[in-house]
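[1] All I have is the shape, not the residue letters:
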């Protein structure tokens, strides 16, 4: 027959798991913020590349929009 845990042991385990969750959430939030920053960097690099291609194309703004379907 399995022994039941004491209330002190259970409370201790609850506190430990709650602390682990707080740490995990902090790590998640930090990682999510880093991901968002990197995605923004990528978007800015793509926009810069697109603008440079537009400038070098010799096409008008309207021609580029038509080509892109806008």
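    Cool, got the structure. Just so we're clear, the structure is a prediction, and the values are computed from it rather than from any experiment. Residues are numbered from 1 along each chain as shown.

[2] what's the neighbour count on residue 54?
    Residues near residue 54, counting by other CB atoms under 10 Å, number 14. Yep, even glycine has a C-beta here, placed from its N, CA and C like the rest.

[3] check which helix or strand covers it.
    Element membership of residue 54 [criterion: DSSP states H and E] is helix 7-57.

[4] Would you tell me what the next helix or strand after that helix is?
    Using DSSP H and E, the helix or strand that directly follows helix 7-57 along the chain is helix 61-68.

[5] Give the other helices and strands that that following helix contacts.
    helix 7-57 (3 or more CB pairs under 8 Å, 6 or more residues apart in numbering; DSSP states H and E).

[6] and the gap between the nearest residue to residue 5 once chain neighbours are set aside and residue 6?
    Distances taken as CB to CB, 6 or more residues apart in numbering place residue 13 nearest to residue 5, at 7.8 Å, with adjacent residues excluded. Applying CB to CB, to the nearest Å, the value for residue 13 to residue 6 is 11 Å.

[7] Residue 62 too?
    For residue 62, the distance to residue 6 (CB to CB) stands at 77 Å.

[8] Repeat that for residue 59.
    In this view, residue 59 and residue 6 are 77 Å apart by CB to CB.

[9] neighbour count winner among those two?
    The residue with more neighbours, out of residue 59 and residue 6, is residue 59; 14 against 9, by other CB under 10 Å.

[10] Phi, psi for that one please.
    The phi and psi values for residue 59, taken as degrees, to the nearest 10, are phi -90, psi 160.

[11] do the same with residue 69
    phi 90, psi 20.

[12] What pLDDT does the model give it?
    Model confidence at residue 69, given as pLDDT, is 90.

[13] and if you look at residue 51?
    On the pLDDT scale, residue 51 is placed at 95.

[14] distance of it from residue 61?
    Taking CB to CB as the measure, residue 51 falls 11 Å from residue 61.

[15] Quick check: which ranges of this protein have low pLDDT?
    In the predicted model of the chain, residues 1-2 satisfy pLDDT under 70.
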